[in-house]
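*Asks:* Predicted coordinates and the sequence they were generated for:
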Amino acid sequence: MGLLEAIILSVLAASTPLLLAATGELVTERAGVLNLGVEGMMIVGAACGFGGAWFTGSIIVGALCGIVAGTLLSLIFAMMTLGLAVNQVATGLALTILGVGLSGLIGAGFVGERITPAPHLYIPGLTDIPMVGRILFGEDAFVYLSLALVVAVWLFLYRTQAGLILRAAGDNHISAHALGYPVLRIRMFAVMFGGACAGLAGAYLPLAYTPFFIPGMTAGRGWIALALVVFSSWRPGRLVIGAYLFGAVTILQLHAQGLGLGIPSQFMSALPYLATVVVLVLISRARTGGSTAPAALGTVFVPDR
Amino acid sequence: MQLVLEKRAERSNTIALVSPLIAIGLTIVTMSILFAILGKNPILALGVYFIDPLTDSYSLQEIAVKATPLVMIGIGLSLCYLANVWNIGAEGQFLIGAVAGSWLAVKTQGTGAGYWVLPAMLVLSAAAGALYALIPAICKVRFGASEILTSLMLVYVADLFLDYMVRGPWRDPAGFNFPTTAEFDPVATVPVLIEGGRLHLGAIIALLVVAAATVLLGRTIKGFEIRVVGAAPRAARFGGFNSNQLILLTFAISGALAGLAGIIEVAGPVGHLQPGISPGYGFTAIIVAFLGRLNPIGILIAGLFLALTFIGGEQAQIAMKIPLDVTKVFQGILLFYVLACDSLILYRFRLIFPSQKVSRGAA
């Protein structure tokens, strides 16, 4: 296996959790809800996902545990912001603080344990094709799932009536409500979808990326996923590009550290975070003609019955 | 059955006062359940958490020591949140402040420098914290980039920078390869208030900050502008207030206070620069700001209360083997309840039953 092939494989793996979490958050935000708790839902998803796989020996059960954990946490968020009309930014922060604590509590017993990571696809003949075989036909199931999810979300948002209604709720909740659409219910489902995706993204880390659990292993990926949604201008297609670009930055800085260029490793490790800041500035600056964000994003809606 | 919110004609001041207390009550009930799930006696655990630290002088001092950074950062954050901008990177500004002040402490080490060192360190740290906070503020004002995400990203950068400094250039040669600077000289150390105790000058500085914020918000035009920009942006524009300038100002103040808190922590209780100087003060201070209802006196009380949970958590770990993460869970749950109870200030909650709905529709 050549170096380039190895790098591309690891970029795909590093990008997948970002893509999963960002896809979920994109749907949530398209419905008009800003859930800043992605990091919290991811880290609990990681702890529960590892726990599920460790107890049962099944990666699928682990992934499901992560999904359920993320969804449950997002339901707390939905109750607060939709049911009680609480500020979404503050609630999202609370969710992250709670999630970090919960994952430490849940994962305390798993530190130092190992599991067999998710298997990679192998199709005799196809996977053996030099250079591209492993990349196209030798990934773990999560990589394919994340790409399928993006396609599904794109189809849903732009090719179904339900998707149109969801976008309407996110752009103008008063009109959507006046037309008789249940804005709060739509938003609740969107928030739950975001939670499920974040939970799965978190579970990916200990199930496929590294076969063990360490506290704080999400390392800000939830926040980068939030930045990716802004980067994508709330479009699923651009999300894929953004996620793979960030995965590439993460992996390339690791390789650069390995080469020993004389640059302190901490500076290289800071690159993905600095890149996020730079990208946010560039993207926001390019958008002088008006914002592409869902118009009602982050605003509280209380129906007047 | 359905929960419906009805907007109150005006905000309820009674509930504004009692809502933090209701929130604390609900949190304690939830924690009791969590303790029971963990197989610990809830009454004993709550006693260790909330009562024991109040019974001896060492713990009482320790509470004040922990509350010092929380109150200082919380005050700064409250200004941002009042202006409706979201600085959530106080943790990074705290760390950068700590690094900036430590630079002077390290450079003057063993040079016999005079008593100007500590005041200069404080000024340097406040300036560094303010500058670091201005990065997201300028990105927001100039380019419209989300200050939430940029300020948070800079926390990771600050953390790595501190790590580099203490492992690289500033590592104590006599430190057995531990990532730490040498102990600061006495002139670079925050003096303690009681001989042999832990309480230090920082506590007085925190009280001064509370007093200054009370005056700023209650007695000055700038304070008024900050409130109006946050509460009624349209009115603020008609009033001719420069909201961009206020964003920069509130970020600079909160960054300066976080930076100051950083160096006070390093030059006070810790005594040298090392990784892990903060158990998440910058994030806990967000809870402090909200629990204190974005009011300086409220933040002082909230800071002391959350400091109590840190100390109680440590004691519960030693005495009852309750994991330290329980403190974080506690803090997260508390913030949830505080926010939920705050909703009661603006809205009345009403449960609607299907039968009622039908009768309304018929009428």
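*Replies:* Here it is on my side, so go on. The structure displayed is predicted, hence computed values, not measured ones. Residues are numbered from 1 along each chain as shown, chains lettered A, B, ... in the order given.
*Asks:* Quick check: residues of the stretch 101-250 of chain B near chain A?
*Replies:* Taking CB under 8 Å from any CB of the partner chain as the criterion, the neighbours of chain A within the stretch 101-250 of chain B are B:135, B:139, B:143-146, B:148-150, B:152-154, B:156-157, B:160-161, B:163-164, B:167-168. Placement of C-beta: from N, CA and C, glycine included.
*Asks:* From those, keep the buried residues only.
*Replies:* The neighbour-count criterion (16 or more other CB atoms under 10 Å in any protein chain shown) marks B:135, B:139, B:143-146, B:148-150, B:152-154, B:156-157, B:160-161, B:163-164, B:167 among those as buried.
*Asks:* Just those residues: which are in helices?
*Replies:* When DSSP state H is applied, these are split such that B:135, B:139, B:143, B:148-150, B:152-154, B:156-157, B:160-161, B:163-164, B:167 fall in helices.
*Asks:* Flag the shaky bits of chain A, pLDDT-wise.
*Replies:* Scanning chain A with the threshold set as pLDDT under 70 gives A:1, A:287-291, A:305.
*Asks:* where do the strands sit along it?
*Replies:* Chain-ordered strands for chain A, with DSSP state E as the definition, do not occur.
*Asks:* For the top helix by length along it, buried residues please.
*Replies:* Counting by DSSP H, the longest helix found in chain A is helix A:3-30. Neighbour counts over helix A:3-30 (16+ other CB under 10 Å) mark A:5, A:8-30 as buried.
*Asks:* Find the nearest non-adjacent residue to residue B:94, please.
*Replies:* The shortest distance from residue B:94 to any residue other than its chain neighbours is 4.1 Å, reached at residue B:262 (CB to CB, 6 or more residues apart in numbering or on different chains).
*Asks:* secondary structure element for that neighbour?
*Replies:* Counting by DSSP states H and E, the element that carries residue B:262 is helix B:243-265.
*Asks:* who does the next helix or strand after that helix touch, helix- and strand-wise?
*Replies:* Scanning the chain past helix B:243-265 towards its C-terminal end, the next helix or strand to appear is helix B:281-291 (assignment: DSSP H and E). Other elements packing on helix B:281-291 under the criterion 3 or more CB pairs under 8 Å, 6 or more residues apart in numbering or on different chains; DSSP states H and E are helix A:88-107, helix B:57-82, helix B:90-107, helix B:243-265, helix B:296-320, helix B:325-346.
*Asks:* Residue 72 - how many residues pack around it?
*Replies:* With no chain named, the answer covers chain A. Residue crowding around residue A:72 was assessed by other CB atoms under 10 Å in any protein chain shown; the count is 16.
*Asks:* switch to chain B, that's the one I care about
*Replies:* The tally of other residues near residue B:72 (other CB under 10 Å) stands at 35.
*Asks:* That one contacts residue B:205, doesn't it?
*Replies:* Yes - Residue B:72 lies in contact with residue B:205 (CB atoms under 8 Å); the separation is 7.4 Å.
*Asks:* Which neighbours do these two have in common?
*Replies:* With contacts taken as CB atoms under 8 Å, 6 or more residues apart in numbering or on different chains, residue B:72 and residue B:205 have B:260, B:264 as neighbours in common.
*Asks:* residue ranges with poor pLDDT in the stretch 51-200 of chain B?
*Replies:* Confidence mapping of the stretch 51-200 of chain B against pLDDT under 70 gives zero matching residues.
*Asks:* list the contacts for residue 114?
*Replies:* If you meant another chain, say so; for now it's chain A. With contact set as CB under 8 Å, 6+ apart, residue A:114 has these partners: A:211-212.
*Asks:* Switch to chain B, please.
*Replies:* Listed by CB under 8 Å, 6+ apart, the contact partners of residue B:114 are residue B:187.
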